[in-house]
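J.: Let me see the structure of the following:
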Amino acid sequence: MSQFSPFSKEELLPQTEMLEIQKKKGELFIGLPKETHSGERRVCLTPDAVTAFTANGHRIVIETGAGESANYTDKEYSDAGAKIAYDVEEAFKCNIVLKVAPPTLEEITYINPKTVLISSLQLKTQTKDYFDCLAKKKITAVAFDFIKDEHNTYPVLKSLSEIAGTASVLIASELMSVFNKGNGLLFGNIGGVAPTSVVIFGAGTVGEYAARTAIGLGARVKVFDNSISKLRRLQHCLPSPIYTSTLQPKAILKALMRCDVAIGAIRGKNRTPICATEPMVEKMKEGSVLVDVSIDRGGCFETSSVTSHNKPTFVKHGVIHYCVPNIPARYARTASVSLSNIFTPYLLNIAEEGGFENAARFDKSLRNGMYFYHGILTNKTVAEWFDLPFREINLLIL
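T.: Residues are numbered from 1 along each chain as shown. I've put the predicted structure just below:
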C-alpha cells in the first residue's frame, strides 16, 4: 500500500473482517445459588474458576455457604473476587444462573425475566408446572446433561459417570467390612487369598471405570453387556484381560452365585433393563454387596429400591443393596472440580463470542443442551414426555 493512500488499513479490509474487528467481548454476570435439593452437595464453580472469570472482567455472585458442602469457604470465593450474597434471592437475580440441580418452583420466582438458566434437567422428576414457570418468565434454559460436544459425547455426563464408576467399587469395598454386615473380605489381591470377584452389568463409561478400579485393587472382573462393540472396546482399553459376555441368563446366574460384588451400570433408552431377576439375587452369597448405579432409571436388579445418602443400604436375601441415585454428590469436592473444569472454558468461550445470544448462533453443542429459548420449548424429548408443543431451535436462532 502506498504511504500516500488516504484510506486506513481497516477501511480497505473486506466487510467480514471489519465485523471481526468490531466484535465486542460479552461481559458475564453469573449467579451461583446454594443447592437445596436433598443430598446435593456439589457446586458448579470452584474458587480457582471464579478467579479466572474475574480476571477476565466478569462478575460472580455466590450465595453464602454454597461451597461449604464441597469444602470451599466463603472467604476463598471472596478472595477470588466473587461477591458473597447473604440474601437468598440475590444470586438468582444475575443474567446467568448456574446450578447443579434444577431450581424449585419457588426459586424460579426469584429469577428475573429473560435470564439464562444452566443446570441439570432431571427430566423424570419434573412436572408441567416447572416448564410453565420457565415459559412465563421467558427464560432460556440449558440442561448441561444434554450438552453434546464436537466429539459427539456428553462431557458432563461422561465426567460424572467416571466418578460414579470409580465410586461404586470404593463403596462396595467399604460395605464388605464386617462392621457393615458384609462378608469380611478385603477388596484386593492378598498373597494366599483368592481375589475378590466382581460382576459388572454395562460396558459404558460407568462400567469401564468400575472395572478399571476393581482391576487396580486386584479383583477378578466379569462384564456383561448386549453391545459387542462396547465389550470389545472395553477389552482393549483396560490394563489387563477380563471376562466379557452378552446378557445370557445362565451365564449371569453362574457369575452372580460366585461373585462378592455386583455393580449395575447399564442404561436403556427409557427404563434400565432388568439384568438380574430376584431368584438370581437370592442365590448370591450371604453378605455379598450389590451397588446399583442404574437406580436413577429404575435399576437393573429386580430387588433394587431407591435409597438415600442418609440411609444408603438395605439387606434383602442376605445381600447388601446400595441404591443411592447421584453417587457423585458423595464425593462433592471431586465432582465440583470436574464440573468446574467443564463449565469454565465453556462459559469463557461464550463471552469471547460476544455473549450467550451470539454463541448460541454458532455453537451447536449449546443448542443441543437448550430446552427453552426465551420461554419457548425447543426440546422434542421434553415435549413428547409432557405432551407440550415445541419449536425447532434452529428456526428460532437466526
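J.: which stretches of the stretch 201-350 of the chain form helices?
T.: In the stretch 201-350 of the chain, the segments counted as helices under DSSP state H, counting those that start in this stretch are 205-216, 228-237, 249-258, 278-282, 332-352.
J.: Convert the C-alpha atoms of the second one to CSV, please.
T.: Coordinates of the C-alpha atoms in helix 228-237 are reproduced here as CSV (Å, rounded to 0.1, in the frame of the first residue of the first chain):
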residue,chain,number,x,y,z
ILE,A,228,-20.4,-56.5,21.3
SER,A,229,-18.7,-53.3,20.1
LYS,A,230,-18.7,-51.9,23.7
LEU,A,231,-17.4,-55.1,25.1
ARG,A,232,-14.6,-55.3,22.5
ARG,A,233,-13.6,-51.6,23.2
LEU,A,234,-13.6,-52.3,26.9
GLN,A,235,-11.3,-55.3,26.5
HIS,A,236,-8.8,-53.2,24.5
CYS,A,237,-8.8,-50.2,26.8
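J.: Tell me which residues are up against it.
T.: The set of residues external to helix 228-237 that reach it, using C-beta atoms under 8 Å, 6 or more residues apart in numbering, is 203-204, 207-208, 211, 223, 225, 241-242, 244-246. C-beta: built from backbone N, CA, C; applies to glycine.
J.: ok, now with 10 Å
T.: Identification of contacts with helix 228-237 by C-beta atoms under 10 Å, 6 or more residues apart in numbering yields 200, 202-204, 207-208, 211-212, 221, 223-225, 227, 241-246.
J.: if you look at these, which of them are in strands?
T.: Cross-referencing the contacts of helix 228-237 against strands under DSSP state E gives 200, 221, 223-224, 243-245.
J.: list the buried ones in stretch 351-360?
T.: Within stretch 351-360, the residues scored as buried using 16 or more other C-beta atoms under 10 Å are 351, 353, 355-356, 358-360.
J.: quick check: domain ranges of the chain?
T.: 11-146+332-396, 160-322 (automatic domain parsing).
J.: Put together CSV for the ones you listed, with mean pLDDT and distance to Y154 on each row.
T.: Listed next are the domains of the chain as CSV, based on pLDDT from 0 to 100; distance: least, C-beta to C-beta, whole Å:
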stretch, mean pLDDT, distance to Y154
domain 11-146+332-396, 89, 7
domain 160-322, 94, 9
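J.: how about those in a markdown table, adding distance to T153?
T.: Listed next are those as a markdown table, based on distance: least, C-beta to C-beta, whole Å:
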| stretch | distance to T153 |
| --- | --- |
| domain 11-146+332-396 | 10 |
| domain 160-322 | 9 |
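J.: returning to that earlier point: of the helices of the stretch 201-350 of the chain, which is nearest S159?
T.: helix 332-352 (4.6 Å; C-beta to C-beta).
J.: That closest one packs against which elements?
T.: Secondary-structure packing of helix 332-352 (3 or more C-beta pairs under 10 Å, 6 or more residues apart in numbering; DSSP states H and E): helix 47-55, strand 96-98, strand 116-119, helix 155-175, helix 356-362, helix 364-369.
J.: What angle do helix 155-175 and it make with each other?
T.: Between the axes of helix 332-352 and helix 155-175, defined by axes from the mean of the first three to the mean of the last three C-alpha atoms, to 10 degrees, the angle is 180 degrees.
J.: Tell me the buried residues in helix 332-352?
T.: Neighbour counts over helix 332-352 (16+ other C-beta under 10 Å) mark 332-340, 342-344, 346-348, 350-351 as buried.
J.: My read is that N226 contacts I266, right?
T.: Yes - between N226 and I266 there is a contact at 8.6 Å, judged by C-beta atoms under 10 Å.
J.: between the two, what contacts are shared?
T.: With C-beta under 10 Å, 6+ apart as the test, N226 and I266 both reach 202-203, 247, 273, 275.
J.: Among those residues, name the buried ones.
T.: Applying 16+ other C-beta under 10 Å to the shared contacts of N226 and I266 flags 202-203, 273, 275 as buried.
J.: which two from those residues end up farthest apart in space?
T.: Longest span within the buried ones among the shared contacts of N226 and I266, C-beta to C-beta: A203 and P273, 13.8 Å.
J.: Tell me the residues that contact both of the two, please.
T.: Common neighbours of A203 and P273 (C-beta under 10 Å, 6+ apart) are 226, 266.
J.: Pull the contacting residues for the closest residue to V193 other than its chain neighbours.
T.: Excluding the flanking residues, the one nearest V193 by C-beta to C-beta, 6 or more residues apart in numbering is L186, at 7.8 Å. When contacts are counted by C-beta under 10 Å, 6+ apart, L186 touches 173, 176-177, 193, 195-196, 217-218.
J.: Tally up the residues packed near N310, please.
T.: 8 (other C-beta atoms under 10 Å).
J.: Then H151?
T.: H151, neighbours per other C-beta under 10 Å, totals 9.
J.: Need the buried ones from the ones in strands among the contacts of helix 228-237 selected in PyMOL.
T.: Paste this into PyMOL to select the buried members of these, with burial taken from 16+ other C-beta under 10 Å:
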select buried, resi 200+221+223+224+244
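J.: between the ones in strands among the contacts of helix 228-237, which is closest to I163?
T.: I200 (16.0 Å).
J.: Surely that closest one is in contact with R220?
T.: No - with contact defined as C-beta under 10 Å, I200 does not reach R220; the gap is 11.4 Å.
J.: Now the common contact residues for those two.
T.: Jointly contacting I200 and R220 under the rule C-beta under 10 Å, 6+ apart are 214, 242, 259.
J.: Kindly indicate the member of those residues with the most neighbours.
T.: Neighbour-wise, the shared contacts of I200 and R220 (other C-beta under 10 Å) top out at A214, 30 neighbours.
J.: Look at the residue nearest to D145 when sequence neighbours are not counted and say how many residues are nearby.
T.: Counting by C-beta to C-beta, 6+ apart, D145 lies nearest to S120, which is 5.0 Å off, once chain neighbours are set aside. Neighbourhood size, S120 [other C-beta under 10 Å]: 20.
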